[in-house]
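S.K.: Got a sequence here, can you build the structure:
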Amino acid sequence: MKHLILSIIQNILFFLEAFSVTFFLLRFCKCKCEERRMQVLVFQTMVMAVLCTWSSYIPYFTGFILFAYFPCILIFSILFLDGAFGQKLKGCLLVLCIKLLTLLAAVIITMRCGDWTLEELYYDFEWYKMAVMLLERAFQIVMFGWVLRAEGKLPVRMKRLEKGVVLSNLITSAITFGIIHDISYGNVSSEWKAYLFILSLLCLVIMNGITFYLMEKLHQRNELASDNKMLRQRVMYYESHLEQTHEQIEELKQMRHDIRHSYQLISNLASLGKNREIEQYISEVLDIVNREEYIAATGNEFVDSMLCYKLSYAAKKGIKVVHSVTAGLEGIENVDCCNLIGNLINNAIEANLKLPEGKRKLELFIKGDPCKLFIRVRNILETSVLDTNSGLATQKKDKDVHGYGIRIIRKIASQYNGYVQFTEEEGFFCAEVMLFRRT
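M.R.: Numbers count the residues shown, from 1 in each chain. Have a look, this model is predicted:
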């Protein structure tokens with residue numbers, strides 16, 4: 001029983017340490033959680049787990065902690081984590097403090113328990129047993145990393161009940177691993193092994209039930225939060241569209257007033273026989289009326305109307321617009337077309353409005369063939385965006401509402417088995433989307 005309690009305490013300490021290191025990796029240094037970096041993140045957390053496990057078996061060798069454990073963490077932080085060097089250094093010092101606190105907790109536990117010693121808490125194993133322990137720790141930290149990544153995609157605050165469920169799952173996991181470990185390597189009688197084996201199976205069933213419950217609750221809450229934020233963003237988009245529509249109505253009223261004034265002026269000049277002045281005035285009016293109109297011919301009335309409106313709006317904001325549409329949008333849903341192209345143009349307009357009027361430029365190209373569609377939007381770029389914000393996260397204050405444009409673009413591209421690529425070339429920020437048409 002003593003070995004069983006020691007094993008459970010040991011696993012609890014490892015769980016706390018592994019969870020703290022994972023929290024440092026995924027939250028403190030704001031490590032990216034994109035799909036393309038998932039494997040790097042998992043590999044790094046596994047290495048961290050191996051380091052924190054191995055060093056725990058030699059608690060008296062402080063030189064190892066200072067000259068091997070800490071430098072390894074610092075090197076991995078510099079190579080894989082985001083943020084300034086000072087931030088990474090603070091994070092590494094935090095992990096070092098976690099390691100020292102873990103060892104201090106082990107010392108206090110053994111001192112308070114009378115005849116227990118620190119060597120018994122960290123007793124030696126043969127090499128294959130050490131490999132099993134390392135694999136166990138790696139599995140634990142990958143599991144924690146997966147949970148944190150799943151929660152990090154859509155930050156949702158957990159209720160007290162859910163936090164309690166998570167805590168109970170951690171405790172149950174520690175007890176289960178401790179029991180299994182003691183059955184495998186401890187001096188336990190055959191009769192006790194049977195009871196402990198049944199108890200470990202029961203704990204595993206409870207763990208599975210809690211895990212599935214947490215997954216379902218997180219999934220439901222993430223979906224609800226995502227829907228709410230999407231609706232809020234859509235309302236803001238409609239409000240912006242309504243405001244722009246009001247501007248157009250005011251322009252039409254002004255145009256009506258100008259036309260009435262023009263007719264009166266032409267009538268007065270005609271009554272005075274000033275034909276040359278009439279011709280000059282009409283020429284000036286025609287120059288204004290015949291200004292460039294942005295007419296797109298995609299064959300989709302909804303998209304054509306949206307394109308005409310947005311490109312005209314961009315021109316009114318002093319943005320030089322270049323567009324070329326040489327392909328239709330057959331095989332793509334109307335809603336998806338409007339959301340995709342609308343978000344691409346909105347992002348380009350928003351980026352242009354940060355520049356002085358003389359430097360603003362937007363380019364739109366739509367081309368394709370019977371099987372696929374290619375959309376490209378470019379805007380002038382003064383300073384690099386991808387160097388400091390490779391994930392293109394929103395920089396606006398209300399992050400719960402903003403920042404869904406890029407997600408919508410990627411989601412639509414995924415629905416049509418296509419791809420999205422953001423690049424910087426020749427002073428332009430370029431967004432390219434390819435979709436495969438549905439038949």
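S.K.: Going by C-alpha atoms from here, please, whenever you check contacts or count neighbours.
M.R.: Will do.
S.K.: Next, the residues that contact stretch 362-377 from outside, please.
M.R.: 319-329, 344-345, 348-349, 352, 378-380, 430-437 (Cα atoms under 8 Å, 6 or more residues apart in numbering).
S.K.: taking the mean pLDDT, what do you get for it?
M.R.: Regarding stretch 362-377, the rounded mean pLDDT is 88.
S.K.: Extract the C-alpha set from that stretch and format it as PDB.
M.R.: What follows is stretch 362-377 as a C-alpha-only set of coordinates in PDB (Å, rounded to 0.1, in the frame of the first residue of the first chain):
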ATOM      1  CA  LEU A 362      -6.800  47.400 -55.300                       C
ATOM      2  CA  GLU A 363      -6.600  44.700 -57.900                       C
ATOM      3  CA  LEU A 364      -9.200  42.000 -58.500                       C
ATOM      4  CA  PHE A 365      -8.800  39.100 -61.000                       C
ATOM      5  CA  ILE A 366     -11.300  36.300 -61.500                       C
ATOM      6  CA  LYS A 367     -10.500  33.600 -64.000                       C
ATOM      7  CA  GLY A 368     -11.000  29.900 -64.400                       C
ATOM      8  CA  ASP A 369     -12.100  26.900 -66.500                       C
ATOM      9  CA  PRO A 370     -15.000  24.500 -66.500                       C
ATOM     10  CA  CYS A 371     -13.500  22.600 -63.500                       C
ATOM     11  CA  LYS A 372     -12.000  25.300 -61.200                       C
ATOM     12  CA  LEU A 373     -12.200  29.000 -60.300                       C
ATOM     13  CA  PHE A 374      -9.300  31.200 -59.400                       C
ATOM     14  CA  ILE A 375      -9.800  34.500 -57.500                       C
ATOM     15  CA  ARG A 376      -6.900  36.900 -56.700                       C
ATOM     16  CA  VAL A 377      -7.100  40.200 -54.800                       C
END
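S.K.: buried ones in stretch 259-269?
M.R.: Burial within stretch 259-269, assessed by neighbour count using 16 or more other Cα atoms under 10 Å, is assigned to 266, 269.
S.K.: Among the contacts of stretch 362-377, name the ones in helices.
M.R.: Among the contacts of stretch 362-377, the members falling in helices (DSSP state H) are 344-345, 348-349, 352.
S.K.: will you turn the residues you listed into TSV that also has neighbour count, distance to Ser200 and pLDDT?
M.R.: Shown next, in TSV, are the ones in helices among the contacts of stretch 362-377 (neighbours: other Cα atoms under 10 Å; distance: Cα to Cα, whole Å; pLDDT from 0 to 100):
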residue	neighbour count	distance to Ser200	pLDDT
Leu344	23	54	87
Ile345	23	58	87
Ala348	25	58	87
Ile349	22	60	88
Asn352	24	62	87
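S.K.: For PyMOL, what selects the buried ones among the contacts of stretch 362-377?
M.R.: Buried residues within these, by 16+ other Cα under 10 Å, are selected in PyMOL with:
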select buried, resi 319+320+321+323+327+328+329+344+345+348+349+352+378+379+380+430+431+432+433+434+435+436+437
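S.K.: from the contacts of stretch 362-377, which ones fall inside strands?
M.R.: Using DSSP state E, the subset of the contacts of stretch 362-377 located in strands is 320-325, 378-380, 430-436.
S.K.: And the furthest pair within those residues?
M.R.: Lys320 and Phe436 (30.2 Å; Cα to Cα).
S.K.: now, which of the ones in strands among the contacts of stretch 362-377 sits nearest Glu277?
M.R.: Of those, the one sitting nearest to Glu277 (Cα to Cα) turns out to be Lys320, at 32.9 Å.
S.K.: Which strand residues bridge Ser324?
M.R.: Beta bridges link Ser324 to Phe365, judged by DSSP bridges.
S.K.: measure it to Gly405 for me?
M.R.: 23 Å (Cα to Cα, to the nearest Å).
S.K.: just Ile366 next, same as before
M.R.: As for Ile366, its distance to Gly405 is 19 Å (criterion: Cα to Cα).
S.K.: swap in Lys359?
M.R.: The gap separating Lys359 from Gly405 is 24 Å, by Cα to Cα.
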